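Novice: I'd like to go over a predicted model; first the sequence, then the structure.
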Amino acid sequence: MNIMKNNILVLGGKGKTGRKVAERLTKLDQMVRIGSRSETPSFDWQDPLTWSAALKGMDKVYITFQPDLAVPGALEAIEGLTKEAKRCGIKKLVLLSGKGEREAELCEQVVINSGIDYTIVRASWFNQNFSESFFLDPILAGHVALPQAQVKVPYVDTDDIADVAVAALLNEQHNGQIYQLTGPRLLTFEEVIKEIAMATGRDIVFTSISLSAYTKMLEEFGVPADYIWLISYLFSEVLGAEGNDIVTHDIEKVLGRKPKDFSKYVQEVAAMRVWNPVTNVQADKVVS
Ligand SMILES: NC(=O)c1ccc[n+]([C@@H]2O[C@H](COP(=O)([O-])OP(=O)(O)OC[C@H]3O[C@@H](n4cnc5c(N)ncnc54)[C@H](OP(=O)(O)O)[C@@H]3O)[C@@H](O)[C@H]2O)c1
């Protein structure tokens with residue numbers, strides 16, 4: 001395939017989806033700039049003065065907002081960034097959004113009405129929340145206690161999200177589209193933990209608890225208040241939201257192949273021993 005060379009800014013380019021988007025684009029001979037606080041030029045969502053240097057000379061932008069499009073201030077940040085992108089002559093925006101998040105949909109509208117070509121990639125909860133994010137520590141500890149145990153989620157893999165984002169960045173046929181990405185089947189937390197326990201051969205206990213007990217537990221662990229707010233919002237407003245338990249077919253529509261099954265993700269991560277706690281003896285060996 002002959003693809004034109006583009007300069008593409010990947011915001012959150014070291015994160016769960018951005019890292020994979022950047023890798024794929026580089027393999028396709030695209031010029032990639034990672035947008036993050038630890039890069040030069042540095043990009044910080046909290047500091048609008050850093051935005052123009054990161055956007056300068058770029059043609060297209062993959063936007064992931066940290067920590068989440070639902071947090072206070074996200075809408076203003078997306079408004080500010082799209083304005084600056086227009087001023088800098090950016091020709092295409094691909095926004096990573098969340099399924100069933102009212103606040104995220106307001107941010108989508110900003111991108112849709114920006115006057116710049118766009119694609120919205122609206123994803124379900126990621127598989128990688130269990131290996132690269134907030135569910136990893138309890139899995140390592142061998143005891144996962146979560147609310148909303150009955151809710152079924154069509155978890156989606158970040159490999160599939162990255163493939164769709166790259167297609168959207170490089171092909172005009174995806175302009176003006178809103179893609180809803182899910183994995184191929186629904187799972188409860190208990191079913192997820194069972195699969196991980198089986199694949200790792202570990203004893204991992206799942207306990208269903210109330211949302212208030214969960215937030216209290218996070219407080220006791222010293223988790224910052226704004227993070228607890230976000231987690232409560234995700235569990236109360238997003239997880240059980242209407243339509244969030246529907247399996248979609250947009251990954252197949254865009255990529256012409258089926259999305260990755262949760263079991264395949266579990267096998268891959270288990271093989272890398274991400275879910276095997278390092279014992280003190282092993283840790284000593286690594287250090288020495
Ligand atoms: N997790 C899910 O299940 C899910 C589902 C649907 C949608 N989403 C959406 O996914 C988005 C996050 O995308 P992601 O998970 O791919 O990214 P991510 O993994 O959260 O991105 C992490 C990277 O972002 C950078 N970062 C952190 N704070 C920053 C800041 N203030 N300014 C600039 N960069 C910052 C960090 O690099 P530095 O430390 O170098 O800055 C870090 O490497 C959220 O908006 C969320 O709504 C998530």
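Specialist: Sure thing, it's come through. Because the structure is predicted, anything quoted here is derived from the model rather than measured. Numbers count the residues shown, from 1 in each chain.

Novice: contacts and neighbour counts: CA atoms only from here.
Specialist: Noted.

Novice: who's in contact with the residue in the stretch 101-250 of the chain that the ligand sits nearest to?
Specialist: At 3.3 Å from the ligand, residue 125 is the closest residue in the stretch 101-250 of the chain, using Cα to the nearest ligand atom. Residue 125 makes contacts with 98, 99, 153, 154, 155, 156, as judged by Cα atoms under 8 Å, 6 or more residues apart in numbering.

Novice: try residue 206
Specialist: Residue 206 neighbours (Cα under 8 Å, 6+ apart): 143, 144, 145, 146, 189, 190, 193.

Novice: make it 6 Å
Specialist: 144, 145 (Cα atoms under 6 Å, 6 or more residues apart in numbering).

Novice: helix or strand for it, which one?
Specialist: In this assignment (DSSP states H and E), residue 206 forms part of strand 205-208.

Novice: That strand pairs with which strands?
Specialist: Strand 205-208 pairs in its sheet with strand 143-146 (parallel), by DSSP bridges.

Novice: Which positions within the partner strand qualify as buried?
Specialist: For strand 143-146, a neighbour-count test (16 or more other Cα atoms under 10 Å) marks 144, 145, 146 as buried.

Novice: Next: stretch 110-128.
Specialist: 110-112, 114, 116-128.

Novice: least trustworthy helix or strand in the protein by mean pLDDT?
Specialist: The least trusted helix or strand in the chain, going by mean pLDDT, DSSP states H and E, turns out to be helix 280-287, with a mean of 50.

Novice: Show me where the protein dips below the pLDDT cut-off.
Specialist: Scanning the chain for pLDDT under 70 picks out 1-2, 279-288.

Novice: switch the cut-off to 50
Specialist: Within the chain, the stretches with pLDDT under 50 are 286-288.

Novice: any chance you could map the strands in it?
Specialist: Secondary structure of the chain (DSSP state E): strands at 7-11, 31-35, 60-63, 92-98, 117-123, 143-146, 177-181, 205-208.

Novice: what sits up against stretch 85-97?
Specialist: With Cα under 6 Å, 6+ apart, stretch 85-97 has contacts from 59-64, 104, 116-122.

Novice: And the residues you listed, which two are furthest apart?
Specialist: 59 and 104 (24.0 Å; Cα to Cα).

Novice: From the ligand, how far out is the residue nearest to residue 257 when sequence neighbours are not counted?
Specialist: Distances taken as Cα to Cα, 6 or more residues apart in numbering place residue 251 nearest to residue 257, at 7.3 Å, with adjacent residues excluded. In this view, residue 251 and the ligand are 15 Å apart by Cα to the nearest ligand atom, to the nearest Å.

Novice: roughly how far apart are residue 251 and residue 183?
Specialist: With distances taken as Cα to Cα, to the nearest Å, residue 251 is found 8 Å from residue 183.

Novice: So these two - more neighbours on which side?
Specialist: residue 183 (27 against 23; other Cα atoms under 10 Å).

Novice: That one against residue 154, yeah?
Specialist: Yes - with contacts counted by Cα atoms under 6 Å, residue 183 reaches residue 154, the gap being 5.2 Å.

Novice: re earlier: filter the contacts of stretch 85-97 down to the ones close to the ligand.
Specialist: residue 64 (Cα under 6 Å from any ligand atom).

Novice: would JSON lines of the contacts of stretch 85-97 with distance to residue 233 be doable?
Specialist: Listed next are the contacts of stretch 85-97 as JSON lines, based on distance: Cα to Cα, whole Å:
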{"residue": "59", "distance to residue 233": "35"}
{"residue": "60", "distance to residue 233": "31"}
{"residue": "61", "distance to residue 233": "28"}
{"residue": "62", "distance to residue 233": "25"}
{"residue": "63", "distance to residue 233": "22"}
{"residue": "64", "distance to residue 233": "19"}
{"residue": "104", "distance to residue 233": "13"}
{"residue": "116", "distance to residue 233": "31"}
{"residue": "117", "distance to residue 233": "31"}
{"residue": "118", "distance to residue 233": "27"}
{"residue": "119", "distance to residue 233": "26"}
{"residue": "120", "distance to residue 233": "22"}
{"residue": "121", "distance to residue 233": "21"}
{"residue": "122", "distance to residue 233": "18"}
